[in-house]
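Engineer: Got a predicted structure plus its sequence, pasted below:
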Amino acid sequence: MSETSAQPAHVHAPAQGFLWKYVFSLDHKVIGKQYFALALVAVFTGMFLSWLMRIHLVWPAAKIPGLELMSKAGAPGGVMTPEYYLSLLTMHGTLMVFFVLTNAPFAAFGNYFLPIQIGAEDMAFPRFNMMSFWLTFLAWVVLMLAFVIPDGPPIAGWTEYTPLSAIGKDAGPGMQWGASLWGISIAIFCAASLLGALNFIATTLDLRAKGMTLMRMPLCTWAWFITSCIALLAFAVLLPACILLILDRHAGTSFYIPAGLVASDRLQPHSGGSPLLWQHLFWFFGHPEVYIAILPSMGIVSHILINSMRKPLLSAKVVIYSMMSIGFLSYMVWGHHMFLSGMNPMSALAFSFPTLTITIPATILTLMWLGSLYGANIQVNSASLFALGFISMFVSGGVSGFFLAQPSIDIYLHATYFVVGHFHMVMGVASLFGVFAGTYFWFPKMTGRYMNEGLGKLHFWITFIGTYCIFMPFHYLGLIGNIRRYQSFVDDFMAPYIPLHRFITIAALVTGAAQFLFLYNLIHSRFWGKPAPENPWNATSLEWTIPSPPPWNNFGDKHPVVYHDPYQYGVKGSGGDFVMQDSPEPISGGD
Amino acid sequence: MGKLLGVVLVIIALVSAYPILKNQYPLPEDISTHGHLIDEQLHDTMVEAGISFIGAQLVLAYFVWSFTGRKPGSPLKNFPGGARVLVIFAFVIVGLEVLALGAFGQKAWASVYFTPAKADSLQIQAQAEQFAFYFRYAGPDGKFGQIHPEKIDEGNQNYFGLDPENDVAARDDIVSGELVVPENREIHLMLHGKDVGHSFYVRELRIQQDFVPGLDLSVHFTATKPGKYEIVCTQLCGLGHYNMKAYLNVMSQADYDNWFKQQSAQ
């Protein structure tokens, strides 16, 4: 069944000793799990911060017991101050966007499964791979340091707009050292992501097993591959942008600071820079980042849906080309974050059109998923529920993009809760649904044990309904003109809407609490879950041809050979209604 | 459980869209001459987005309802027409939608940004700083004094850094914490940022524009209804951001003239 292919000998020997096996491991699977663990810590931290913010928004005077331990100045006696609200907001956004939405669907699952799905023994550059995780870890440590320094975390939001973020302590609390830590952390993160992206690209292009043509790669591998191409270009711009920011802050340069600024009654010693430069560089990264978060989940969801439907998608090619066009277009649209920033109003039209055009590949993807459901035998389990929930969430978050893509409507909706609802649904929750689906689906492969299905389904229902209760009302609040990034609603017209905000807070608390079910399920099943066989879902791709958990070199001493497309479901195979990729048996009516 | 998901999806779609179906999404009253263009564009988009949203959720619900829990071995079917029909549908329908929204939407944008302010519009300078707005009128001589950032002195209420001793034009400049404008007259608002980024947003005016330090931008609008409206800052500008607001006071021309005379006399 397997024969020796043109692959090199083992890229590295099995690790010996705890330190090399579990900490500084070269094994892509261990590194994948490390990314997953870091994302898990970050997501619970980020969620906890959002709880604090939601509570403060609707009960501003609430005493939160123990909060003063987090920051004496930020929460004297347990009551949050306005500046601490902004600190939490900044940290919530930064943790979620970088350390969760980039790490979990892309770095964690990509690391673990991309090499296995293409039949490789490891990543192309295992040492770079280890380095990219530990740099990411370092970036996280540097960011978290902002919580413990006396100055506190920065208050300029996750976008760190200049000159607020560039002029240092005159800009307010947290902007002296907190903002520097932010800049250093993100710069390190960029370097780590660049290494990771290069590694993914080299691995996909060079280490495919015999017979694994590009078009035979599973859709999630395609998604990770396209995402790494996007990441390579996006982080390559954010990295120098952060370095310039650090230089402005500490070396007296003025890349982002114009002349004549007076902050805290002090004429700022800068001249010649432009705040718009930061916005352009940041969003040139920032918009592709949205697709870095969502594309891997699209791939994961496609992979899982096909397995649950027991039939292939209507056209895998169309899905691949759609993901590619999304990746390509993602570089032409950054200006839609800046319609009102004072750039030439003519360019708003140039940015609006490609933004609206992204709707076409996004619609095609949605129609491919929907159309494929027709006539399927959908198996319902935690993984497929989250995959189906992803489609619903992606549509809901996607249609509000229609509004924001148009500069004229953006005049009214920019910086309102409408925007917050939009991106939380489409890049936050939808992407996380992909991660949840992936976790329930691949957990048996990663650990050799099932996760608890009952708990998984309960987790799905609370999360699915809960997120709609949180983020749908955001759109209506935006339509009435509710501004984001306000720590308190001092505007008179907001009074009638405070009860709606209370409802959202309660929904956020309940939905957040449900995530502990997931955490419990994860930890409990790791040790005491029902043992799972090698291929529990009757799936076809290469990760299901090896033991669970896979040995250190994935395929043992054999090199897999691939004979089929990745999704031979609904055919007559020796094992049932499917034929595995590495099985040489012919397929009646297949490829 | 698949059937339950179908039902839940229908409920979510209907409850989410209920306020839109009832046409009850409460945009604040529009008091500008151009705002109706934005509102109409928003309404058209609501119809298109609403149909896409409800359509997709209901189809998803129907398929989930129909194709879960089928008897094992039930025959698989393919969507009639396959991928080709769906791709053509997306290109034609969504493509037309994109073209329509893209083309018609520009009218509203153009009315705000592509037409220059009229020659006889009333020029007012707005300055944003942590955490207040100030508005400057040229005074009876119709000329603004020069801004000298080094002369800014909050304690002395010299918010703009004017130099009345040496600058004749600055002597009669009127500085106000409230944006007072006459109704039905075009206002040409010139935006000046003193410290960090801010934004000028009046919901009822359907106007929002960033203040970018180092870049003097302007917007123009005509307010049509007397009253007091909130001006809020929508660009995160520091710890007092949430509390950075001022009022737009729209008056009849006669009331405005009186106000202007009073201010000049001070």
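Structural biologist: Received, thanks. Numbers count the residues shown, from 1 in each chain, chains lettered A, B, ... in the order given.
Engineer: Tell me who's in contact with the residue in the stretch 51-200 of chain B positioned nearest to chain A.
Structural biologist: Of all residues in the stretch 51-200 of chain B, B:Lys77 sits closest to chain A, at 2.8 Å by Cβ to the nearest Cβ. (Glycine included, C-beta is placed from N, CA and C.) Taking Cβ atoms under 8 Å, 6 or more residues apart in numbering or on different chains, we find B:Lys77 in contact with A:374-375.
Engineer: isn't there a strand covering it?
Structural biologist: No - B:Lys77 is assigned coil when assessed by DSSP: H, G, I helix; E, B strand; the rest coil, not a strand.
Engineer: So which bits of stretch A:569-579 are buried?
Structural biologist: A:569-571, A:573, A:577-579 (16 or more other Cβ atoms under 10 Å in any protein chain shown).
Engineer: again with stretch A:335-351
Structural biologist: Buried residues in stretch A:335-351 (16+ other Cβ under 10 Å): A:335-343, A:348-349, A:351.
Engineer: That stretch and chain B, are they touching?
Structural biologist: Yes - using Cβ under 8 Å from any Cβ of the partner chain, stretch A:335-351 comes into contact with chain B via A:340-342, A:345-346, A:348-349.
Engineer: Among those residues, which one lies nearest to A:Leu314?
Structural biologist: A:Leu349 (34.7 Å; Cβ to Cβ).
Engineer: Quick check: closest non-adjacent residue to that closest one.
Structural biologist: Closest residue to A:Leu349 apart from its sequence neighbours, by Cβ to Cβ, 6 or more residues apart in numbering or on different chains: B:Gln106 at 6.2 Å.
Engineer: same check, this time on B:Thr68
Structural biologist: B:Gly2 (2.4 Å).
Engineer: With A:Ser308 as the reference, measure out to the residue sitting furthest away from the middle of chain B.
Structural biologist: No residue in chain B sits farther from the centre than B:Gly73, which is 56.1 Å out by Cα atoms, centre = their mean. From B:Gly73 across to A:Ser308, the span is 16 Å (Cβ to Cβ, to the nearest Å).
Engineer: related to what we said a few turns ago, check the buried residues of stretch A:569-579 one by one and keep those near chain B.
Structural biologist: Applying Cβ under 8 Å from any Cβ to these, those adjacent to chain B are A:Gly570.
Engineer: now the buried residues of stretch A:569-579 as TSV including distance to A:Leu214 and secondary structure?
Structural biologist: Converted to TSV, the buried residues of stretch A:569-579 look like this (distance: Cβ to Cβ, whole Å; DSSP: H, G, I helix; E, B strand; the rest coil):
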residue	distance to A:Leu214	secondary structure
A:Tyr569	21	strand
A:Gly570	24	strand
A:Val571	22	strand
A:Gly573	24	strand
A:Asp577	26	strand
A:Phe578	22	strand
A:Val579	20	strand
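Engineer: of all the buried residues of stretch A:569-579, which comes closest to chain B?
Structural biologist: For the buried residues of stretch A:569-579, the nearest to chain B is A:Gly570 (4.7 Å; Cβ to the nearest Cβ).
Engineer: For the closest residue to the closest one other than its chain neighbours, which three-state class applies?
Structural biologist: Counting by Cβ to Cβ, 6+ apart, A:Gly570 lies nearest to A:Lys311, which is 4.2 Å off, once chain neighbours are set aside. Classification of A:Lys311 using three-state DSSP returns coil.
Engineer: residue contacts, A:Lys311?
Structural biologist: If you count contacts by Cβ under 8 Å, 6+ apart, A:Lys311 has them with A:372, A:375-377, A:569-570, B:76, B:78.
Engineer: Show me which of the residues you listed are buried.
Structural biologist: By 16+ other Cβ under 10 Å, the contacts of A:Lys311 give A:372, A:375-377, A:569-570, B:76, B:78 as buried.
Engineer: Pick out whichever of the residues you listed sits closest to A:Ala124.
Structural biologist: Nearest to A:Ala124 among the buried ones among the contacts of A:Lys311, with distances taken as Cβ to Cβ, is A:Tyr569, at 30.5 Å.
Engineer: Kindly check the end-to-end length of stretch A:410-423 for me.
Structural biologist: By Cα to Cα, to the nearest Å, the extent of stretch A:410-423 from end to end equals 14 Å.
Engineer: ok, and does that stretch reach over to chain B?
Structural biologist: Yes - using Cβ under 8 Å from any Cβ, a contact is recorded between stretch A:410-423 and chain B, made by A:411-416.
Engineer: Would you quantify the distance from the residue of the stretch 1-150 of chain A at minimum distance from chain B to A:Leu67?
Structural biologist: Closest residue of the stretch 1-150 of chain A to chain B, Cβ to the nearest Cβ: A:Glu83 (3.9 Å). Going from A:Glu83 to A:Leu67 by Cβ to Cβ gives 14 Å.
Engineer: And those two? Which one has more around it.
Structural biologist: Neighbour totals were compared for A:Glu83 and A:Leu67, and A:Glu83 leads with 23 against 20 (other Cβ atoms under 10 Å in any protein chain shown).
Engineer: Quick check, A:Arg249 in contact with A:Lys169.
Structural biologist: No - counting by Cβ atoms under 8 Å, A:Arg249 does not reach A:Lys169; the two are 10.0 Å apart.
Engineer: Which residue of those two possesses the greater neighbour count?
Structural biologist: Counted by other Cβ under 10 Å, A:Arg249 and A:Lys169 do not tie: A:Arg249 has more neighbours, with 22 against 16.
Engineer: so who does the more buried one touch?
Structural biologist: Counting by Cβ under 8 Å, 6+ apart, A:Arg249 has contacts A:165-168, A:179-180, A:183.
Engineer: ok, so of those, who is nearest chain B?
Structural biologist: Looking across the contacts of A:Arg249 and measuring by Cβ to the nearest Cβ, the closest to chain B is A:Ile167, at 7.4 Å.
Engineer: Quick check: the closest one touching B:Gly238?
Structural biologist: No - contact between A:Ile167 and B:Gly238 fails when scored by Cβ under 8 Å: they sit 10.7 Å apart.
Engineer: got any residues that touch both of those two?
Structural biologist: With Cβ under 8 Å, 6+ apart as the test, A:Ile167 and B:Gly238 both reach B:Val196.
Engineer: Now for the residue positioned nearest the centre of chain A: which residues touch it?
Structural biologist: Nearest residue to the geometric centre of chain A (Cα atoms, centre = their mean): A:Leu101, 1.7 Å. Residues in contact with A:Leu101 (Cβ under 8 Å, 6+ apart) are A:292-293, A:427-428, A:431-432.
Engineer: For it, give me the backbone phi and psi.
Structural biologist: Note on A:Leu101: its backbone torsions stand at phi -70, psi -20 [degrees, to the nearest 10].
Engineer: Strands of the stretch 1-150 of chain B, start to end?
Structural biologist: For the stretch 1-150 of chain B, the strands defined by DSSP state E, counting those that start in this stretch cover B:122-129, B:132-137.
Engineer: Now do the last one against strand B:122-129, angle only.
Structural biologist: What that stands for is strand B:132-137. With axes from the mean of the first three to the mean of the last three Cα atoms, to 10 degrees as the basis, strand B:132-137 and strand B:122-129 are set at 150 degrees to each other.
Engineer: Pairing partners for strand B:132-137, with directions?
Structural biologist: Strand B:132-137 has the following strand partners under DSSP bridges: strand B:122-129 (antiparallel), strand B:174-176 (antiparallel).
Engineer: who's in contact with the first one?
Structural biologist: By Cβ under 8 Å, 6+ apart, the list of residues contacting strand B:122-129 from outside reads A:262, B:133-138, B:144, B:159-160, B:179, B:181-182, B:185-195, B:198-200, B:211, B:233, B:237, B:244.
Engineer: ok, back up a step: so which of the contacts of A:Leu101 belong to strands?
Structural biologist: Members of the contacts of A:Leu101 lying in strands (criterion: DSSP state E): none.
Engineer: All set now, cheers.
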